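**Q** Task: produce atomic coordinates for the following.
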Amino acid sequence: MLDLIILSLHYFVCFLISIAIWCGPKDVDLQSSSLGGAETEPDGLVFIGKEEDIKKSQRITAKVDGREIVVFYHEGKFHALDSRCYHEGGPLCRGEIEDIDGQACIVCPWHKFKITLETGEGLYEGINPLEPSATPKWQSKGVKQRIHKITIDNGNVYVSPPDLSVSFDSDYYAEKYKNGGELAMGK
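**A** Numbers count the residues shown, from 1 in each chain. From the prediction side, this is the model:
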């Protein structure tokens with residue numbers, strides 16, 4: 001009986017933590033919600049923001065064709081990904097960036113899934129049981145998160161609309177949060 005009470009208490013605490021993360025304070029500039037959406041240029045590129053503003057904030061969220069994306073500025077480079085983690089839709093804009101084997105990765109704040117900023121690959125630490133000294137090594141799950149092409153022109157940052165002819169695991173959550181994105185981001 002005591003085990004059941006402890007287990008119930010554990011789940012309740014986990015639920016409260018999830019609610020706190022979901023509705024917690026914002027540490028990013030949600031530009032798209034204040035502007036009512038990003039502007040599409042005649043060449044199809046979508047204006048995200050001023051280069052200097054994004055460099056200062058280090059990250060910004062925006063909408064591209066109704067899809068929430070997050071743009072990171074890390075170690076002198078811009079990276080754009082779907083804003084929701086491929087695993088269970090966690091808000092990547094609230095994740096920390098870590099270096100894993102020389103690759104900059106965003107760590108999903110919900111379940112600690114690691115995604116490379118450059119390629120969108122999901123990484124995991126695993127062992128090869130066939131090796132005599134089975135030491136954990138970082139390995140790829142393949143590309144899971146959609147990345148978006150960034151263009152910088154005259155101090156402005158643009159993102160190309162996604163090529164939906166190729167699918168990625170993150171597309172499910174991008175579509176799920178398409179119409180309720182600001183609400184889903186805790187606004």
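
**Q** List the residues that contact Gly90.
**A** Arg84, Cys108, Pro109, Trp110, His111, Phe113 (Cβ atoms under 8 Å, 6 or more residues apart in numbering). Where you see a C-beta, it was placed from the backbone N, CA and C, and this is true even at glycine.

**Q** looking at it, the first one is touching Asp171, isn't it?
**A** Which is Arg84. No. Here Arg84 lies out of contact with Asp171, judged by Cβ atoms under 8 Å, at a distance of 9.7 Å.

**Q** Between those two, which has more neighbouring residues?
**A** In this comparison of Arg84 against Asp171, neighbours counted by other Cβ atoms under 10 Å, the higher total goes to Arg84 at 31 against 18.

**Q** dump the residue contacts of that one.
**A** For Arg84, the contacting residues are Glu68, Gly90, Pro91, Leu92, Ser170, Tyr173, Ala174, Lys176, Tyr177, Ala184, by Cβ under 8 Å, 6+ apart.

**Q** same check, this time on Met1
**A** Counting by Cβ under 8 Å, 6+ apart, Met1 touches no other residue.

**Q** Could you measure from it over to Ser8?
**A** Between Met1 and Ser8 the distance, using Cβ to Cβ, to the nearest Å, works out to 11 Å.

**Q** Next one: the one residue sitting closest to the centre of the chain from Ile6, what distance?
**A** Nearest residue to the geometric centre of the chain (Cα atoms, centre = their mean): Leu92, 3.0 Å. When distance is defined by Cβ to Cβ, Leu92 is 33 Å away from Ile6.

**Q** Helix, strand, or coil at Ser165?
**A** Counting by DSSP: H, G, I helix; E, B strand; the rest coil, the backbone at Ser165 sits in coil.

**Q** and Thr135, how many neighbours?
**A** Residue crowding around Thr135 was assessed by other Cβ under 10 Å; the count is 7.

**Q** cool, Gln103 as well?
**A** Counted with other Cβ under 10 Å, the neighbours of Gln103 add up to 17.

**Q** Please name the residues that touch the nearest residue to it once chain neighbours are set aside.
**A** Spatial nearest neighbour of Gln103, excluding adjacent residues (Cβ to Cβ, 6 or more residues apart in numbering): Thr116 at 4.9 Å. Residues in contact with Thr116, defined by Cβ under 8 Å, 6+ apart, are Ile100, Gln103, Ala104, Cys105, Leu123.
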